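Q: Build the 3D model from these lines:
(chains A, B, C and D)
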There are 2 protein chains.
Amino acid sequence: MTNAEPMRPTLSEVAREAGVGRSSAARVLGNYGSVSEHTRSRVLLAAKRLGYETDELARSMSRGVTMTIGVVLADIANPFFAAVSRGIADEARRAGYGVLLVNSDENVELEDEAVRLLVGKRVDGIIVAPAGGADASAEALRWAADRGTPVVQVDRTLNDFEADAVVMDNRDAGRAAAERLIAAGHRRIALAWGPARPSRRRVTPEALLRWARTSELSSVGERFLGYADALEAAGIPLDPGLVMTGEQTSAGVRDFMRSLLATEPPTAVIATELDAVVAVLAEVRESGLRLPEDLSLVGFDDSPWADVYTPPLTMLRQPAQLLGQRAAERLVVRMTGDRGVRTLDHLPVELNCSGGEGSVAPPREDA
Amino acid sequence: MTNAEPMRPTLSEVAREAGVGRSSAARVLGNYGSVSEHTRSRVLLAAKRLGYETDELARSMSRGVTMTIGVVLADIANPFFAAVSRGIADEARRAGYGVLLVNSDENVELEDEAVRLLVGKRVDGIIVAPAGGADASAEALRWAADRGTPVVQVDRTLNDFEADAVVMDNRDAGRAAAERLIAAGHRRIALAWGPARPSRRRVTPEALLRWARTSELSSVGERFLGYADALEAAGIPLDPGLVMTGEQTSAGVRDFMRSLLATEPPTAVIATELDAVVAVLAEVRESGLRLPEDLSLVGFDDSPWADVYTPPLTMLRQPAQLLGQRAAERLVVRMTGDRGVRTLDHLPVELNCSGGEGSVAPPREDA
DNA sequence: CTGAAAGCGCTTACAG
DNA sequence: CTGAAAGCGCTTACAG
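A: Below you'll find the predicted structure:
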C-alpha cells in the first residue's frame, strides 16, 4: 500500500533544485518579467524533473483573481438550462475561465445561498437566471454586485437591478406563436402556461392584462403579452379562461387542458415551455383528439424529438446555447474592467416549421 | 458613478473593530477553539457591522482543502449527462462541496486539459466519465490519482486504473433489450449503435465477439455483449451485418438504417443511445414504415417524450441522476480519507414499458 | 537580470 | 480564554 502521498512540489523547491532564487523561478514559471535564457532553461528543467504544476489557488490568492465564474441556474437537468450552461462553459473556457455551477430550483433562498457561496469562493463574476420573478428581493445578488462582483442575468431580469442581461425576445416569440395560429384561422387559442398569477379566480381581460403589464417580467409573462398583442391586432377578444395562470407544472397543464377540453375546447393551444408541450401531448392522447386535425399546437423550446413526432411539431426554437455564450461574453468584458452602462441583449426566437406543415392546421369547420 | 469599490473587510479589520486579537476573531468566525461569551458577541457584532463574510479562498489556502469537486463529462447539454450532473450537484451540496464543471466532448486531450485545470485549482476530488474508450491513456487522470486526488469514474471505466467507478449494468441492459424482442418473436434484430470498431469491413461473428470481449469496455460495447448473450441463449446466430460498428453519430445511424432497410431489413432494432433512437425514428418516418407493425424498437435513455410518442416507446430507463449521486457519495467518502479497496458499483437499468405495449410488436408474418 | 522581503487573508500550534 | 507569530504557495515591488 502506498500511503506515502507524493506531495506536489512548490515553487521554492523548484528554485532550490534549479539553484536560483524564488523570484527567478516564479518569473519563468509565471511567464512574466525578464530572465536570462540560462536560468530559464535551468528552472524549466528542474520543474520538469520535479513534475511541478503551478498551484492556481495560491496564484489566485496573490493575484486577487480566481479565473473562475459562478453560474446559478434553476436546474441543470432541464434541457434549456443545460444548453445555456454549455454555451457559458464554452465561452468561459475560450477566455480562460473555469465554471462553478449551482442549481437554484427557482428557489430564492437557494439562489441567495448559492450566490454567497460563489462570492465566498471569490469567483470573478456571476451569471444568474434569477428565480422568484422580477420583483424578487435577491439580496445576495444585489449585495454581490454592490461589492464589485460583475453579474450578468440570463433569461430573466430583476426589477431595479442595474446588471447586464441577455434574454430571449419572449414577447415577440409569444406574438409569433399566436400569429401563426391566427393566420391558420384560429380564434380560440389557449395558452399553457401563462404568467403565474397568485389568484386562480377568473378576472376580466383588462385586469389580467393590467396585472401582467405591471407586475411581471418573467419569460412566460412576456410570452403572454405577445400573445395578447397578436390577439388584439387581429381583433380577437382576450378570453382569460383560455389562459392558464395557475401552478406552472406538468400536472397543472394537464388539469387545465382536461377541464378546458371538457367544457369549452379551444381549436389551438400554445405551450410556452417544454414541459408544457409534453403535458399537452399527453392530455391530447388521453382525450383521443387528433393532432393537428382536432387541435393545433405551437410549442416552445425545440427538441430533436419535435421533428420525429407525428405530426412534426411546430416549435419556437430558443437559441439557448447562444444565450449562454452571449452572457459569458458580456461577463468577460465586465470582468476585464468595463464600467460602461448597462446592457440588455435580446435574442430572436424562431419558428422551426414554416409553411403549412407541422402541428398547425386550420380549425375544424364545426368548431 | 460609484467607482469606490467597497472592499470586503478582512478578519484583521473585524478584530480591530471588535478590539480583540486576530486569533480570537478567527476562532469565533471559524467556529473552533474556545472563546468567552463576551469576546464572541463583540466579534459577531463587529462582523455584522462591517458586513464581514469569510474569504473561502484564503481559508482553502491555509486549511489545504477547497471544498470543491471537479466534474469532467462529455457534454452537459446531453440529457443523460445533464441528469448525472444534477445528481452530483445535489449530493455535493448536501456534503458542503461546490462543483466545478468541464465538458470534454469525448476528446481525450480536452479531458486531460480539464483534469489539469481542476488539479491546478486544487479540487478535493474528481468525478469523470472517461473519454476515448477503456484503453485510453488518460495520463492526467492517472497522474491526479497518483498525486493523491481521489477520482471516481462514472458511466465508463478505464482499464488498469485503480479508481472507484459507478456504472450502469450495461451488459444486463443490452441483454434485457434483446430478450424483450426475442420474446416477441424477433430473430433479425439490428443494433444501432454497437461498439466503435475501427474497421468497417464485415467480419465473422467470432471475430466481432472476440474483439468486443477483449478490447472494449465502453457502455455501448457492454450493451452489445448483452445483446450477443441474449441471441446466443436463444440460439440465434449473431449477424455482424446487423450491428452498427461505424461512426457513432446520428448521421451514421441514418446511413446504417437506410442501407439495412433497403437490402436486408431487420424486424426489430435496438437503439443504444438517445441520439440513436431519434435517428432511427427519423429514418423510419422517411422510409414510410409503421412502428411497431413493420419494425419494433427498443431504445435507451428514457425521456418524457417517449411516453407521448405514437406508439409509446419501449425504453430502457437509465437512472442517470442516481448514477451521479452515487458517484458523489463515493467521492465524499474518499475525500474524507477512506483508503479502502476499489469499489465498482453497478446500477440496474429498467424497461419502462412492460407487457405487450409500447413499440414492440410481433414480427410480420411475411418477414 | 536577480534575489530577499513583504503581502494576499485565513488557520494553527505555542506560549502566556 | 487570548494574542503574537509563523505558515499555506504564490506574486510583486524594491534594491542590487
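
Q: Please enumerate the helices of the stretch 51-200 of chain A.
A: A:56-63, A:79-94, A:108-120, A:139-146, A:170-183 (DSSP state H, counting those that start in this stretch).

Q: got TSV for the ones you listed, with mean neighbour count too?
A: From N, CA and C alone the C-beta is placed, and that goes for glycine too. Converted to TSV, the helices of the stretch 51-200 of chain A look like this (neighbours: other Cβ atoms under 10 Å in any protein chain shown):
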stretch	mean neighbour count
helix A:56-63	16
helix A:79-94	23
helix A:108-120	20
helix A:139-146	19
helix A:170-183	23
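
Q: Adding mean pLDDT and distance to residue B:78, write the ones you listed out as TSV.
A: Below are the helices of the stretch 51-200 of chain A laid out as TSV (pLDDT from 0 to 100; distance: least, Cβ to Cβ, whole Å):
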stretch	mean pLDDT	distance to residue B:78
helix A:56-63	94	28
helix A:79-94	97	8
helix A:108-120	95	24
helix A:139-146	93	29
helix A:170-183	96	25
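
Q: Which one of the ones you listed lies nearest to DNA strand C?
A: helix A:56-63 (3.5 Å; Cβ to the nearest atom of the strand).

Q: before we move on, back to that, what would the helices of the stretch 51-200 of chain A look like in CSV with distance to residue B:46?
A: Converted to CSV, the helices of the stretch 51-200 of chain A look like this (distance: least, Cβ to Cβ, whole Å):
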stretch, distance to residue B:46
helix A:56-63, 24
helix A:79-94, 37
helix A:108-120, 19
helix A:139-146, 18
helix A:170-183, 46
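
Q: Can you tell me which residue of the stretch 151-300 of chain A sits closest to DNA strand D?
A: Closest point on the stretch 151-300 of chain A to DNA strand D, by Cβ to the nearest atom of the strand, is residue A:151, at 24.6 Å.

Q: Now do residue A:210: how many residues are near it, please.
A: 12 (other Cβ atoms under 10 Å in any protein chain shown).

Q: and of the helices of the stretch 51-200 of chain A, who's closest to DNA strand D?
A: helix A:56-63 (3.4 Å).

Q: Do that closest one and DNA strand C come into contact?
A: Yes. Legend: contact between helix A:56-63 and DNA strand C by Cβ under 7 Å from any atom of the strand is shown at A:61, A:62.

Q: between that helix and helix B:108-120, how many degrees?
A: When axes from the mean of the first three to the mean of the last three Cα atoms, to 10 degrees is applied, the directions of helix A:56-63 and helix B:108-120 differ by 60 degrees.

Q: Contacts for helix A:56-63, please.
A: For helix A:56-63, the surrounding residues in contact (Cβ atoms under 8 Å, 6 or more residues apart in numbering or on different chains) are A:30, A:66-67, A:122, B:57-58, B:60-61, B:66, B:117, B:120-122.

Q: Intersect these with the contacts of DNA strand D.
A: Applying Cβ under 7 Å from any atom of the strand to the contacts of helix A:56-63, those adjacent to DNA strand D are A:30, B:61.

Q: Okay, and the beta partners of the residue of the stretch 151-300 of chain A found nearest DNA strand C?
A: Among all residues of the stretch 151-300 of chain A, residue A:151 sits closest to DNA strand C, at 20.7 Å; criterion: Cβ to the nearest atom of the strand. Residue A:151 has these beta-bridge partners by DSSP bridges: residue A:126.

Q: Would you map the strands across the stretch 201-350 of chain A?
A: Assigned by DSSP state E, counting those that start in this stretch, the stretch 201-350 of chain A shows strands spanning A:268-271, A:296-300, A:314-317, A:344-347, A:350-351.

Q: How far away from the center of its chain is the last one?
A: What it means is strand A:350-351. 18 Å (Cα atoms, centre = their mean, to the nearest Å).

Q: Parallel or antiparallel, which strands does it pair with?
A: Counting by DSSP bridges, strand A:350-351 is paired with strand A:314-317 (antiparallel).

Q: Kindly list the single helix or strand of chain A that scores lowest on mean pLDDT.
A: helix A:205-215 (a mean of 82; mean pLDDT, DSSP states H and E).

Q: in terms of contact count, name the helices or strands touching it.
A: Contact here means 3 or more Cβ pairs under 8 Å, 6 or more residues apart in numbering or on different chains; DSSP states H and E; on that basis helix A:205-215 packs against helix A:219-233.

Q: the domain parsing of chain A - what is it?
A: A:11-54, A:65-168+A:320-347, A:170-319 (automatic domain parsing).

Q: Export the ones you listed to CSV and append columns for distance to residue B:197.
A: Listed next are the domains of chain A as CSV, based on distance: least, Cβ to Cβ, whole Å:
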stretch, distance to residue B:197
domain A:11-54, 36
domain A:65-168+A:320-347, 29
domain A:170-319, 26
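
Q: did I read that right, residue A:13 in a helix?
A: Yes. Assigned with DSSP: H, G, I helix; E, B strand; the rest coil, residue A:13 falls within a helix.

Q: For it, which non-adjacent residue is closest in space?
A: residue A:50 (6.3 Å; Cβ to Cβ, 6 or more residues apart in numbering or on different chains).

Q: so what's the one you found up against?
A: Counting by Cβ under 8 Å, 6+ apart, residue A:50 has contacts A:9, A:13, A:14, A:17.

Q: near DNA strand D at all, the strand or helix carrying residue A:38?
A: According to DSSP states H and E, residue A:38 maps onto helix A:37-50. No. On the criterion Cβ under 7 Å from any atom of the strand, helix A:37-50 is out of touch with DNA strand D, staying 9.8 Å away.

Q: For that helix, could you pull out the residues that count as buried?
A: Of the residues in helix A:37-50, A:39, A:40, A:42, A:43, A:44, A:46, A:47, A:50 count as buried by neighbour count, 16 or more other Cβ atoms under 10 Å in any protein chain shown.

Q: just stretch A:22-35 next, same as before
A: A:24, A:25, A:26, A:27, A:28, A:29, A:35.

Q: can you tell me the average pLDDT over it?
A: In this model, stretch A:22-35 has an average pLDDT of 84.

Q: Wondering if that stretch reaches DNA strand C at all.
A: Yes. Using Cβ under 7 Å from any atom of the strand, stretch A:22-35 comes into contact with DNA strand C via A:22, A:23, A:24, A:27, A:33, A:34, A:35.

Q: Which of those residues fall within helices?
A: A:22, A:23, A:24, A:27 (DSSP state H).

Q: quick one: residue A:32 from residue A:53, how far?
A: Distance of residue A:32 to residue A:53, computed by Cβ to Cβ, to the nearest Å: 18 Å.

Q: So the residue of the stretch 1-150 of chain A found nearest DNA strand C versus residue A:24, what's the distance?
A: Among all residues of the stretch 1-150 of chain A, residue A:34 sits closest to DNA strand C, at 2.1 Å; criterion: Cβ to the nearest atom of the strand. Distance of residue A:34 to residue A:24, computed by Cβ to Cβ: 10 Å.
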